[in-house]
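Undergrad: sharing a model prediction with you, sequence too.
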Amino acid sequence: MEKICFARNQYLELLTKRIGSLKEGYRQNLAIVGDELSGKTTILFSFLKQFSDTRTIILYLEIRPESLITFTKRFTGTLLFNFLAASGNTPQEDLDSLLRDSEKYIPKTVEKIKGILSAVEKRKRNTIFPEILALCDSIHQETGKFCVVMFDEFHNLESFGIKDLYKDWAKLLILQKTTLYIIVSSKKFKAHAILSKDLSLLFGNFEIVTVEPFTVKASEEYLQLKFKNSPINPGWLNFIIHFTGGIPFYLDIIAQSLIKTNTDNLAHVIDDLMFEPSGILNQRFSTFLKQYLDSSCSRDYMAILYNVASGHTRIKDIAHLTHKSLAELTTRITHLLETDCLTKSGDFLTINDRVFGFWLKFVYQEKLQSLTFDAINQKAQFRGKIELMIKDFISATQKPVCERMKELLHLFEDETIQLEEKKKLRLDRFREIKTLNFNGKSLKDGLLGRSNDSLWILGYKKNLITEEDVTDFSKECKKYRHKLQRKIIVTANEIDANARLRALEEKIWTWDINNINGILDLYSKPRIIA
């Protein structure tokens, strides 16, 4: 359970709460979205492993490109298997046996299943999907049991070619009160589009839950757990957190490789994973990139991706470097956004997968530009760049957090970023940036940034931000008479709930290190590990 449940309790608790509420007459469907490898399926499997309730039938199905006939058999077989298992039976994984064993308990449902199987064999596809889902209602009517349907990568349902798929499903969602749907997708852009349009309902709407990578703190605890019998250099540990962005899969694979090879050279491990043709990550990224290389617009896609990976993250800079008009560039960028390769934040673009971006810059592009086929020389150059990257990162982490934040403020040039779904922030170009020392009891460090038309006041505290800290910070801000103030408290720890409320009252923004790191990413600067 160490690997499965680590730092994911909030998601497990939400699943427990929503499924528990279903039996009490309250149904709230869930849509779980997140980047590939962020751990969505692992969360579901962890939940299923610990779940036990004879009144609830949980049906988990990975949706993959297949025929509607195959899907129908998998759905009905899984439904009957879990029904029998929840009833204390030991079912066989054979559809005919499941139908036979279930008939004595739920004869009407079994009769409907046989009718559906017969109809789908005759290729009556367009009316089948709602009938399949309605089987959950039939079981409830016969037994009083509730159903929870989990569709992993639900967007692949479209591959069945069913007319009015979402329209019919939406109608059913409104009517079904005893069935809970938990849909999962790694295609964030597409999933949000479906949920905001095709499955946007007045009643029975989906609560969208985004699975994020591990926080800096959780990543550190996870790695310390992995290396409990094999001590690791603290600088390396911090670099791995920065390099992977907290993606559990990458944290795990790098840690396992270090332990397995028992090496004292982190660059060597990353080399084997990313540069070698047989390396797991090299193979993964090569396969992922193929979808863009096979396109008629491959040259444009690769130019955009390489520029972003190389630190040219502002759209206007990419237009200049690629000699493309903004209109033409926007078309290509839109496709990269829709395929979840890039994310747009105001005037900036970032590659969703940090490790892929590193591979693109230092492996793929370097091999393309190499004037020789000397793999040994290429490998040595790659390892040298990794070693330099590790050295530069460790050097940056030795600076105080306030100094790193001050360096960040110097990079602002009136760009706009997207902080939240509907919250934009202009990064003012400052004509003056200076360090502040506050008189608060515990909040003492800060920065001031002065532009032509605004004043930024930032306070930093390593530990928990309390309501008292907010009060002290607010008093400090009132010493400045500027009308347009941006007041921000940053912490490397957590923010007390009462402190958040007080900050809202005082119009103070509360950020953690993740917010600062998100902006550092936009400028391709090393993250802060505090």
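TA: Ah, there it is.

Undergrad: what residue of this structure is the furthest out?
TA: residue 104 (44.6 Å; C-alpha atoms, centre = their mean).

Undergrad: pretty sure it is in a helix, no?
TA: No. Residue 104 is assigned coil when assessed by DSSP: H, G, I helix; E, B strand; the rest coil, not a helix.

Undergrad: can you list phi and psi of it for me?
TA: Note on residue 104: its backbone torsions stand at phi -70, psi -20 [degrees, to the nearest 10].

Undergrad: let me know the pLDDT of it.
TA: Reported pLDDT at residue 104 in the predicted model: 93.

Undergrad: repeat for residue 186
TA: So, for residue 186, pLDDT stands at 96.

Undergrad: where's the residue farthest from the centre of the chain relative to residue 87, distance?
TA: Note on residue 104: its distance to residue 87, by C-beta to C-beta, to the nearest Å, is 11 Å. Where C-beta positions appear, they are placed from N, C-alpha and C, glycine not excepted.

Undergrad: repeat for residue 410
TA: 66 Å.

Undergrad: so between the two, which is more surrounded?
TA: residue 87 (16 against 11; other C-beta atoms under 10 Å).

Undergrad: give the other helices and strands that the biggest helix by length in the chain contacts.
TA: The longest helix of the chain (DSSP state H) is helix 375-397. Counting contacts by 3 or more C-beta pairs under 8 Å, 6 or more residues apart in numbering; DSSP states H and E, helix 375-397 packs against helix 234-244, helix 266-274, helix 365-369.

Undergrad: residue 453: which of those helices is closest?
TA: Closest of those to residue 453 is helix 234-244, at 34.5 Å (criterion: C-beta to C-beta).

Undergrad: would you mark the buried spots in the helix or strand following the closest one?
TA: Counting by DSSP states H and E, the next helix or strand C-terminal to helix 234-244 is helix 248-261. Buried residues in helix 248-261, counted by 16 or more other C-beta atoms under 10 Å: 248, 249, 250, 251, 252, 253, 254, 255, 257, 258.

Undergrad: low-confidence ranges in this structure?
TA: 1-5, 125, 202-204, 370-373, 421-422 (pLDDT under 70).

Undergrad: in it, which spans are strands?
TA: Assigned by DSSP state E, the strands in the chain fall at 29-33, 56-62, 146-152, 179-185, 206-210, 342-345, 348-351, 415-420, 423-427, 432-437, 445-450, 455-461, 485-491, 509-512.

Undergrad: and the closest residue to residue 498 other than its chain neighbours, what is it in contact with?
TA: Spatial nearest neighbour of residue 498, excluding adjacent residues (C-beta to C-beta, 6 or more residues apart in numbering): residue 467 at 4.7 Å. Residue 467 sits next to 496, 498, 499, 502 when contact means C-beta atoms under 8 Å, 6 or more residues apart in numbering.

Undergrad: for residue 467, give its distance to residue 507.
TA: According to C-beta to C-beta, residue 467 and residue 507 sit 15 Å apart.

Undergrad: please apply the same query to residue 377.
TA: 57 Å.

Undergrad: do the same with residue 287
TA: The separation that residue 287 has from residue 507, given C-beta to C-beta, amounts to 48 Å.

Undergrad: please list the residues outside stretch 509-519 that contact it.
TA: So stretch 509-519 is in contact with 215-216, 345, 401, 404-405, 408, 417, 419, 427, 465, 486-495, 499-500, 503, 527-528, 530, going by C-beta under 8 Å, 6+ apart.

Undergrad: how about stretch 81-90?
TA: By C-beta under 8 Å, 6+ apart, stretch 81-90 touches 53-59, 91, 93, 98, 101-102, 105-106, 139, 143, 145.

Undergrad: buried ones among the residues you listed?
TA: Those of these that meet the buried threshold are 56-59, 91, 98, 101-102, 105-106, 139, 143, 145, by 16+ other C-beta under 10 Å.

Undergrad: tell me the one of the residues you listed nearest residue 336?
TA: residue 59 (34.8 Å).

Undergrad: run through the residues that contact residue 147.
TA: 56, 57, 58, 59, 79, 136, 139, 140, 178, 179, 180.

Undergrad: buried set for stretch 474-494?
TA: 474, 476, 477, 485, 486, 487, 488, 489, 490, 491, 492.

Undergrad: contact partners for residue 66?
TA: residue 159.

Undergrad: how near is residue 215 to residue 488?
TA: 19 Å.

Undergrad: meant to ask about residue 331, not that
TA: In this structure, residue 331 and residue 488 are 36 Å apart, going by C-beta to C-beta.

Undergrad: do residue 341 as well
TA: With distances taken as C-beta to C-beta, residue 341 is found 31 Å from residue 488.

Undergrad: what do you get for residue 229?
TA: 41 Å.

Undergrad: show me the contacts of residue 467 that map onto helices.
TA: 498, 499, 502.

Undergrad: ok, of those, which come out buried?
TA: The neighbour count (16+ other C-beta under 10 Å) marks 499, 502 as buried among the ones in helices among the contacts of residue 467.

Undergrad: considering the ones in helices among the contacts of residue 467, which is situated nearest to residue 262?
TA: The closest of the ones in helices among the contacts of residue 467 to residue 262 turns out to be residue 499 (C-beta to C-beta; 45.6 Å).

Undergrad: just how off-centre is stretch 9-24 within its chain?
TA: How far stretch 9-24 lies from its chain's middle: 21 Å, per C-alpha atoms, centre = their mean, to the nearest Å.

Undergrad: then stretch 326-336?
TA: In this view, stretch 326-336 has its centroid 23 Å away from the chain centroid, taken as C-alpha atoms, centre = their mean.

Undergrad: go through that stretch and flag the buried ones.
TA: 329, 332, 333, 335, 336.

Undergrad: contacts only, for the third one.
TA: In this structure, residue 333 makes contact with 304, 315, 342, 344, 349, judged by C-beta under 8 Å, 6+ apart.

Undergrad: pull out the buried members of those residues.
TA: Buried members of the contacts of residue 333, scored by 16+ other C-beta under 10 Å, are 304, 315, 342, 349.

Undergrad: which two among those are spaced furthest apart?
TA: The widest separation within these (C-beta to C-beta) is 10.5 Å, between 315 and 342.
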